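> Fold the following, please.
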Amino acid sequence: MTVTGMEHFTILTTELDQTVAFYREHLGLEPGWRPAFPFPGAWLYCNGRAVLHVVAGRELPDPPSGVIDHMAFAAAGLGETVRRLDAAEIAYDLRRLPGNGPWQLFFFDPNGARVELDFAKEEAAP
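From the prediction side, this is the model:
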């Protein structure tokens with residue numbers, strides 16, 4: 001057996017609507033079809049693929065970040081993304097990999113999950 005790709009991340013939340021709104025507004029993910037599970041939640045899609053599962057109605061671990069350090073997404077539009085985060089007063093850490101490499105933008109979702117967005121090195125600094 002070999003791994004052939006990443007299917008999705010799952011995060012827990014006590015605020016389902018707020019979490020879905022956050023990922024729609026700041027990452028451009030869209031809610032879509034989800035099986036009729038007996039617990040609340042949402043599946044968020046990117047390019048037709050459910051990449052983030054949000055589960056509500058369960059107790060959050062303490063600390064909420066648990067053993068997963070962060071989730072990373074390929075992204076485009078660094079300047080606009082930074083402007084949206086600034087407008088929403090969301091703190092972030094923008095880094096450039098050494099040697100004029102790609103950009104990495106880190107911030108936290110409303111549940112304390114750390115998100116990384118990776119932008120091409122050709123994108124202009126915000």
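> which other helices and strands contact the lengthiest helix in the chain?
Longest helix in the chain, counting residues (DSSP state H): helix 16-27. Using 3 or more Cβ pairs under 8 Å, 6 or more residues apart in numbering; DSSP states H and E, the elements in contact with helix 16-27 are strand 30-32, strand 41-46, strand 49-56, helix 78-87. For every residue, glycine as well, the C-beta is placed using N, CA and C.
> let's go with 10 Å and repeat that
strand 9-13, strand 30-32, strand 41-46, strand 49-56, helix 78-87, strand 114-119 (3 or more Cβ pairs under 10 Å, 6 or more residues apart in numbering; DSSP states H and E).
> list the buried ones in the fourth one?
Just to be clear, that refers to strand 49-56. 50-56 (16 or more other Cβ atoms under 10 Å).
> Could you work out the end-to-end span of stretch 85-102 for me?
19 Å (Cα to Cα, to the nearest Å).
> again with stretch 35-42
End-to-end distance (Cα to Cα), stretch 35-42: 9 Å.
> now do stretch 97-110
26 Å.
> One more: stretch 105-122?
Termini of stretch 105-122 sit 15 Å apart (Cα to Cα).
> Give the buried residues for it.
105, 107-109, 111, 113, 115-117, 119.
> biggest separation within those residues, which pair?
Farthest-apart pair in these is N111 and F119; separation 23.6 Å (Cβ to Cβ).
> Residues contacting stretch 81-96, please?
Stretch 81-96 is contacted by residues 22, 25-28, 75, 77-78, 101-110, 114-117, 119, 121, 123, 125-126 when judged by Cβ atoms under 10 Å, 6 or more residues apart in numbering.
> just for the chain, where's the confidence low?
Low-confidence segments of the chain (pLDDT under 70): 2-4, 65-67.
> Could I get the contacting residues of the closest residue to W103 other than its chain neighbours?
Leaving out its chain neighbours, the residue that sits closest to W103 by Cβ to Cβ, 6 or more residues apart in numbering is F119, at 4.0 Å. Contacts for F119 (Cβ under 10 Å, 6+ apart) come out as 74-79, 81-82, 94, 96, 102-105, 126.
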